[in-house]
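Visitor: my questions are about this predicted structure, shown below with the sequence.
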Amino acid sequence: MEVWDAVVANNDDHLRQKVEKSIEIIERTLDLYEPGGVAFSFNGGKDSTVLLHLIRAALARRQEVELNGIAAGGLPGVCTFFFHNDADFEEITSFTHHTNEQYNLDMTVLYGDFKTGLETFLVETSVRAILLGTRRGDPNAPGQETFCPSSKGWPAFMRVNPILEWTYHDVWLFLRCASLPYCSLYDRGYTSVGSVSNTNPNSALAREDGTFAPAHMLPDARLERAGRAIAAAVREFSEDYDAVITAGGLGPTPDDVTCLGIAEAFGRQVGRHPELEARIRAYFGADVTDAHLKMADAPTGPEIALIDYNQADGTVSPPFPLLKCRNVYVLPGVPSLVQQKVEGSEERSYVQVWYQSITISFCGFEVEAG
């Protein structure tokens, strides 16, 4: 079992316990469902790749055989399937098919709508449980447990999440300590891979020369999906509406990712804005800090505009002007600052209407404020 041997040799008790627990979950799943009753959903991402090798380790331990290189038996008793999507990165698709050949997975490729394709797959096989690479921080993870029945309205099967409690750094420690292959996108700064249209390299990994550090070097795991959800919403609203207003997420802390999301929405990077930097340096003087200067970071490109507003004392050109990217107005999250920027802005015709009455849609509920 080369995977398990590599973990043990790493002398990291935390990782060893995580791997041991995950293998036990996989073994229990195989015990509960007869051969052919368990499937593995493989998508080529880092989490799915981790799960593949945990399954291999579990099967090797159960059968007391080695699964090195091209395993003659693939994943005995486990059906592997992959959903083809034209919107996926070519690198993801290529890596998935290469891995299928390398480990003899006998992978079934499904097409079309995920729900319909899954329903057909379950009807045509005896699969009743699916091993998934879901982790606690994933968008679809809330409410899920290690063994979790499928949601109402979906085909009936048991979702099994062996790495649910793994962190981002657990994933990379495992892949690297066992020298396991993974998709090349992760070495180019991608930390969470979706479709081509909504995924860019993570700006937190940007280097001065324009390249990106590899995903395993991300300093703060909270930035793994930074900007992806914001980017999708901003892109959609920017196309559908004359003006889009965001509020909050502009400070110097790691969870302030609004600018990153807006940049990704328009295929831009985040960089230091010269005029913003000059204003902040002039305002703070000798007391300026890196945290202050981080607030001079903004999406790059010619569509960026700084909009001055009248302050309470009547002065103009404050150190933190209203930021506009194409038709997106970027406001702070502090209510008093929002009011000041809205009421004092030269472009208040757009933002004033928003400020006076706004309907927020959240988790299926609508709240009107004004």
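Guide: Received the coordinates, thanks.

Visitor: use CA for all of it now, contacts and neighbours both
Guide: Will do.

Visitor: show me the strands in the stretch 1-150 of the chain, by range?
Guide: Along the stretch 1-150 of the chain, counting by DSSP state E, counting those that start in this stretch, strands occupy 38-41, 78-83, 108-110, 129-131, 147-149.

Visitor: ok, the residue nearest to the spatial centre of the chain to L173 distance?
Guide: By Cα atoms, centre = their mean, the chain has its centre lying nearest to R225, at 3.0 Å. Distance of R225 to L173, given as Cα to Cα, to the nearest Å: 18 Å.

Visitor: V50 too?
Guide: 10 Å.

Visitor: of the two, who's got more company?
Guide: V50 (22 against 17; other Cα atoms under 10 Å).

Visitor: so who does that one touch?
Guide: G133, V171, F174, L175 (Cα atoms under 8 Å, 6 or more residues apart in numbering).

Visitor: where do the helices sit along the chain?
Guide: In the chain, the segments counted as helices under DSSP state H are 2-9, 13-32, 46-63, 90-102, 114-124, 168-177, 228-240, 258-265, 274-284, 290-294, 335-344, 348-356.

Visitor: quick check: buried residues in the second one?
Guide: Translated: helix 13-32. For helix 13-32, a neighbour-count test (16 or more other Cα atoms under 10 Å) marks L15, R16, K18, V19, S22, I23, I25, I26, E27, T29, L30 as buried.

Visitor: for the first one, give its distance to F174.
Guide: Relative to F174, L15 is positioned 7 Å away (Cα to Cα).

Visitor: okay, and the common contacts of these two?
Guide: By Cα under 8 Å, 6+ apart, L15 and F174 have these common neighbours: V7.

Visitor: distance check, the closest residue to the residue nearest to the centre of the chain other than its chain neighbours against L30.
Guide: Of all residues beyond its chain neighbours, the one nearest R225 is S192 (5.7 Å), with distances taken as Cα to Cα, 6 or more residues apart in numbering. Separation of S192 from L30 (Cα to Cα): 29 Å.

Visitor: show me the contacts for V78.
Guide: With Cα under 8 Å, 6+ apart, V78 has these contacts: P35, G36, G37, V38, A39, F40.

Visitor: any idea how far it is from G189?
Guide: 32 Å.

Visitor: before we move on, what about L293?
Guide: Distance from L293 to G189, by Cα to Cα: 23 Å.

Visitor: who has more neighbours, the two?
Guide: G189 (24 against 19).

Visitor: nearest spatial neighbour of H216, skipping sequence neighbours?
Guide: Using Cα to Cα, 6+ apart, the closest residue to H216 is W172 (5.7 Å).

Visitor: same question but for K324, I mixed them up
Guide: Leaving out its chain neighbours, the residue that sits closest to K324 by Cα to Cα, 6+ apart is A305, at 5.1 Å.

Visitor: give me the neighbour count for that neighbour.
Guide: 14.

Visitor: test my guess that it contacts Y329.
Guide: No: applying Cα atoms under 8 Å, one finds A305 not in contact with Y329, separated by 9.6 Å.

Visitor: give me the common contacts of the two.
Guide: Shared contacts of A305 and Y329 (Cα under 8 Å, 6+ apart): L323.
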